[in-house]
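K.L.:
Following is a predicted model, sequence given first.
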Amino acid sequence: MTRSEPIHEVNFAPPRPFGKVLKAKIKETLFPDDPFHQFNGATLPIRIKQGVKYFVPIFEWLPNYTLSLFKYDLLAGITIASLAIPQGISYAKLANIEPIVGLYSSFVPPLIYAVFGNSKHLAVGTVAACSLLIAQSLQEVVSPTDDPHLYMRMIYTATFISGVVQTLLGFLRLGILVDFLSHSTIVGFMGGTATLISLQQLRGMLGLNHFTQHTDVINVLKAVFKNRDEWKWEPAVIGVIFLSFLQFTRYVKQKKPSLFWVSAIAPMVVVVVGGLFAFLTRHNSHGIQVVGTLKRGINPSSIKLLIFDNEHIQAPLKAGIITALIALAEGMAIGRSFAIMKNEQVDGNKEMIAFGFMNIIGSFTSCYLTTGPFSKTAVNFNAGCKSQMSNVVMAVCMLLTLLVLAPLFSYTPLVALSAIIMSAMLGLIDYQKIYHLFKVDKFDFCICMAAFIGVAFVSMDMGLMMSVGLALVRALLYVARPATSKLERLPDSTLYRDIEQYPNGTKVPGFLVLQLGSPIYFANANYIRERIMRWVRDEESAKSGEVVEYVILELGGVTTIDITGVETLLEVRRNLQAKDVKMILVNPRLEVMEKLLRTKFVAKIGKESIFLAVDEAIEACRFLLKTSKTVGNENHV
């Protein structure tokens, strides 16, 4: 049945006040999770109580904590502590700092995270990628061997800057910046870093005394083969044995997940066995290098060692900002991944604040950069942790180690640490994920490989920039060349869908229905204008006997429009009028409609040219066509 009036009327209400719109946009941008909804309608004391619980999560879970939960956290904490000791020493070696600093870094930061952290499963500790990245950035300006004191001061300063950046991002709720490190970038970065770190461990595996300060694959391999005269078979044999043992325990864990503890304690077994072997066989006589002296004691304060003078601040500032983002991306991704398994939510902004606080306070207490490493978090999760208390247990274990057991680890062979690092890194090269990216999305694969190749063969920061830059290029392509599609009616329905997806659609004679799928603004306005006119040209050339009388623009996917976009629509309308074609708008969203009203666009094209649905627009236009033809015939008679 034809009709002159549509069933549903378009809302032409006056635009909302600017202040209300701005407030809504700020809230949606900075507070998409609406964290303060719990305060609505509450009294002032309740609001204060809820606010303290929100900003300091320990006050939320600790009052309900029970002894039955502690039994699980106790086991998990002891288990991850057994992993934290060898990892702390190993990753400190990667950062070219004293091993004791690596142990300190698993003592203070976990306590801070237990207070401010939001994830029940995240286990805090040092990570290989950030350790290497800090070393690479700082040793360009100061040698860790020639001036170790200045180097350590820069390490603490870089850690402090990382903490400040993370805290600011959390308080300003700018976690969106971390999203620029896409999943493809992280996979490629971790794979490239793991490859590079694994090759660097050939120094310890072969017992080399001289090595390169560069951190790319070419220079590392050159250094290995250039110093062939320093190769020693004793550490090589021991290293292969240790590495084979560690890989076997990983295989056992994969085959039987219930035996996760076998893989978790394997690094500690390697350290203990290696230390006993080095002590009993007089390591120096066999060319087996050891960690060296580790003194007992509590962390000395390092707050006075932070350095901010113009001469030295540039390198720590660069290292701090880059590692802050990488540590956030890794830690938040890992925390969310394990939370999903338990159908729980992790507040990303709280996590950023927690990471920031633990690195700021860590930089004051002789600790370097920490985040949530995957290996330790996986062990914590599999061990059955129930809350952040497992981090407290780990910290207490590390305290006992620092006070009592630290000297015992002085006999740890460097080859044992190399085997531990290499085994951990081999698990970070996700071949299956890289292959999956290649099969599913070639552009994502290119982004991944840009990070992988850049990190492995150029530098870590260059690899990141290459990958992020490529990802931004793709984003700009999406922005500048948005999707547009031609719609046709599906058989026996009033639905209009893309003909490429549904080629069995039916065309309505005289009508060209186009769908715009992105905001219309200065970056893509010219393309949209040219694309619409090309659709009209192609439609008329394809059907020689048929003329396009109406172009219907479906705007449901257009979330916003700027002044350039409005002018573009006006220009499209003028171009269509020159061809004696009318332009109809369908389903403009609230913000788009408000802009069209403010710019008097609606007044220019008329309210009768805007509809809620495509079928209603076509029915109304058909009625006008029939009416005009009838009137024309009567006038002709």
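P.N.:
Nice, I can see it.

K.L.:
tell me, how many neighbours does Tyr54 end up with?
P.N.:
Neighbour count for Tyr54, taken as other C-beta atoms under 10 Å: 16. C-betas here are computed from N, CA, C, even on glycine.

K.L.:
Then Thr249?
P.N.:
Thr249, neighbours per other C-beta under 10 Å, totals 22.

K.L.:
Surely it is within a helix?
P.N.:
Yes. With DSSP: H, G, I helix; E, B strand; the rest coil as the criterion, Thr249 is part of a helix.

K.L.:
how near is it to Val262?
P.N.:
From Thr249 across to Val262, the span is 5 Å (C-beta to C-beta, to the nearest Å).

K.L.:
Can you name the residues that contact the nearest residue to Val217 once chain neighbours are set aside?
P.N.:
Leaving aside its chain neighbours, Val217 sits nearest to Ala456 (4.9 Å; criterion: C-beta to C-beta, 6 or more residues apart in numbering). The neighbourhood of Ala456, defined by C-beta atoms under 8 Å, 6 or more residues apart in numbering, consists of 192, 195-196, 216-217, 463.

K.L.:
Could you dump the residues you listed into JSON lines and include distance to Ile552 and pLDDT?
P.N.:
Output for the contacts of Ala456, formatted as JSON lines (distance: C-beta to C-beta, whole Å; pLDDT from 0 to 100):
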{"residue": "Gly192", "distance to Ile552": "50", "pLDDT": "87"}
{"residue": "Thr195", "distance to Ile552": "54", "pLDDT": "88"}
{"residue": "Leu196", "distance to Ile552": "56", "pLDDT": "84"}
{"residue": "Asp216", "distance to Ile552": "57", "pLDDT": "81"}
{"residue": "Val217", "distance to Ile552": "57", "pLDDT": "88"}
{"residue": "Gly463", "distance to Ile552": "48", "pLDDT": "86"}
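
K.L.:
Among those residues, which are located in helices?
P.N.:
Judged by DSSP state H, helices contain the following of the contacts of Ala456: 192, 195-196, 217, 463.

K.L.:
most neighbours, which of these?
P.N.:
Using other C-beta under 10 Å as the neighbour criterion, Gly192 leads those with 28 neighbours.

K.L.:
Pull the contacting residues for the closest residue to that one other than its chain neighbours.
P.N.:
Of all residues not flanking Gly192 in the chain, Val455 sits nearest, at 3.1 Å (C-beta to C-beta, 6+ apart). Neighbouring residues of Val455 by C-beta under 8 Å, 6+ apart: 188-189, 192-193, 196, 462-464.

K.L.:
From those, pick the one nearest Leu400.
P.N.:
Of all these, Leu400 sits closest to Thr193, with 32.0 Å by C-beta to C-beta.

K.L.:
What is the neighbour count of the closest residue to the closest one other than its chain neighbours?
P.N.:
What sits nearest to Thr193 in space, not counting adjacent residues and going by C-beta to C-beta, 6+ apart, is Ala129, at 4.5 Å. By other C-beta under 10 Å, the residues close to Ala129 number 27.

K.L.:
do the same with Glu546
P.N.:
Around Glu546 sit 12 other residues, with neighbours defined as other C-beta under 10 Å.

K.L.:
Quick check, it in contact with Pro509.
P.N.:
Yes. Here Glu546 reaches Pro509: they are 6.3 Å apart, a contact under C-beta atoms under 8 Å.

K.L.:
What helix or strand is Leu596 located in?
P.N.:
For Leu596, the host element (DSSP states H and E) is helix 590-598.

K.L.:
and the residue nearest to Thr193, what does it touch?
P.N.:
The contact partners of Ala129, taken as C-beta under 8 Å, 6+ apart, are 189-190, 193, 197, 326, 330, 460.

K.L.:
again, 10 Å this time
P.N.:
91, 94, 186, 189-190, 192-194, 196-197, 323, 326-327, 330, 371, 373, 425, 428, 455, 460 (C-beta atoms under 10 Å, 6 or more residues apart in numbering).

K.L.:
And Phe279, by the same measure?
P.N.:
Counting by C-beta under 10 Å, 6+ apart, Phe279 has contacts 290, 408, 410-411.

K.L.:
now for those residues, which pair is the farthest apart?
P.N.:
Going by C-beta to C-beta, the pair spanning the contacts of Phe279 furthest: Val290 and Leu408, at 11.8 Å.

K.L.:
higher neighbour count, the two?
P.N.:
Neighbour totals were compared for Val290 and Leu408, and Val290 leads with 20 against 15 (other C-beta under 10 Å).

K.L.:
Would you point out which residue is most central in this structure?
P.N.:
The centroid of the chain falls nearest to Ala329 when counting by C-alpha atoms, centre = their mean (4.2 Å).

K.L.:
For that residue, pull up the helix or strand it's in.
P.N.:
Assigned by DSSP H and E, Ala329 falls within helix 314-341.

K.L.:
and the angle from the next helix or strand after that helix to helix 314-341?
P.N.:
Remark: after helix 314-341, the chain's next helix or strand is helix 348-364, criterion DSSP H and E. Angular relation of helix 348-364 and helix 314-341 on a 0 to 180 degree scale: 140 degrees, by axes from the mean of the first three to the mean of the last three C-alpha atoms, to 10 degrees.

K.L.:
Start and end of stretch 575-593, how far apart?
P.N.:
For stretch 575-593, the first-to-last residue distance is 22 Å (C-alpha to C-alpha, to the nearest Å).

K.L.:
If we go by neighbour counts, what in that stretch is buried?
P.N.:
The neighbour-count check on stretch 575-593 (16 or more other C-beta atoms under 10 Å) flags 576, 581-588, 591-593 as buried.

K.L.:
same thing with stretch 593-603?
P.N.:
593-597, 599, 601-602.

K.L.:
which intervals of the stretch 251-400 of the chain have sub-threshold pLDDT?
P.N.:
Along the stretch 251-400 of the chain, segments meeting pLDDT under 70 span 282-287.

K.L.:
Asn382 versus Leu75, what's the distance?
P.N.:
For Leu75, the distance to Asn382 - C-beta to C-beta - is 11 Å.

K.L.:
So between these two, which is more surrounded?
P.N.:
Using other C-beta under 10 Å, the more surrounded residue of Leu75 and Asn382 is Asn382, with 20 against 16.

K.L.:
who touches that one in this structure?
P.N.:
Listed by C-beta under 10 Å, 6+ apart, the contact partners of Asn382 are 76, 79, 121, 253, 257-261, 263-264, 338.

K.L.:
Please pick the buried ones from these.
P.N.:
Here, 16+ other C-beta under 10 Å leaves 76, 79, 121, 253, 260-261, 263-264, 338 buried among these.

K.L.:
now these as CSV including secondary structure?
P.N.:
Shown next, in CSV, are those (three-state DSSP):
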residue, secondary structure
Ala76, helix
Thr79, helix
His121, coil
Lys253, helix
Phe260, helix
Trp261, helix
Ser263, helix
Ala264, helix
Phe338, helix
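
K.L.:
Many thanks, have a good one.
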